[in-house]
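Undergrad: Any chance you could fold what I've pasted below:
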Amino acid sequence: MLAKKIGKAASRGMTLIEIMVVLVILGLIAGAIGYNVFERLKDAQRQTATLDLKSISNGVDLYHVETGQWPESLQQLVPKFLKDVHKDPWGVDYVYVKSGDGYDVYSYGPDKAQGGGDDIVIHGGEGAAPPTAGK
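TA: A predicted model of the protein is given here:
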């Protein structure tokens, strides 16, 4: 008779507490993996924006070498100096500004607003230091 009671208890399945413990463990694992994936995504977005800005800067420099002038807008570079001008990884247009004897091309970064310390900037032109990204 004792064997019959033990058999019934063993066949009942998992208790609510056991299921909750398993769900909490799975949630912690998913949270850790998700955090790492999103951090890698942020790094990839910054690297993509930096590479795009370097490409745009090269196009502006080539335009200047060929014409002796700085372009008025990035659209003047298409299709001869740049294949196309697309948006940055955060969905905002890249910005080109002529300044004296040079120019700046930049992305506002993840916050999509000028300033804030996350802008990615390339300075170029005559007398400019080598291109740098970020601040």
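Undergrad: where are the low-confidence patches of this structure?
TA: 1-12, 126-135 (pLDDT under 70).
Undergrad: How is the residue nearest the centre of it assigned, secondary-structure-wise?
TA: Centroid check for the chain by CA atoms, centre = their mean gives Gln45 as the closest residue, at 1.7 Å. Three-state call for Gln45 (DSSP: H, G, I helix; E, B strand; the rest coil): helix.
Undergrad: what's the closest non-adjacent residue to it?
TA: Once flanking residues are discounted, Gln45 sits nearest to Pro89: 3.9 Å by CB to CB, 6 or more residues apart in numbering. No exception for glycine: its C-beta is placed from N, CA and C like everyone else's.
Undergrad: same question, Glu72
TA: Excluding its sequence neighbours, the residue lying closest to Glu72 (CB to CB, 6+ apart) is Lys98, at 7.7 Å.
Undergrad: quick one: strands adjacent to the one helix or strand the one you found maps to?
TA: Assigned by DSSP states H and E, Lys98 belongs to strand 95-99. Under the criterion DSSP bridges, strand 95-99 sits next to strand 102-107 (antiparallel) in its sheet.
Undergrad: Run the chain-centre distance for the strand it pairs with.
TA: Chain-centre distance of strand 102-107: 18 Å, with CA atoms, centre = their mean, to the nearest Å.
Undergrad: next helix or strand past it?
TA: strand 120-125.
Undergrad: quick one, that following strand and strand 102-107 angle?
TA: 160 degrees (axes from the mean of the first three to the mean of the last three CA atoms, to 10 degrees).
Undergrad: mind checking which helix or strand Val60 is in?
TA: Going by DSSP H and E, Val60 is in helix 16-67.
Undergrad: other SSEs contacting that helix?
TA: In terms of contacts (3 or more CB pairs under 8 Å, 6 or more residues apart in numbering; DSSP states H and E), helix 16-67 is packed against strand 102-107, strand 120-125.
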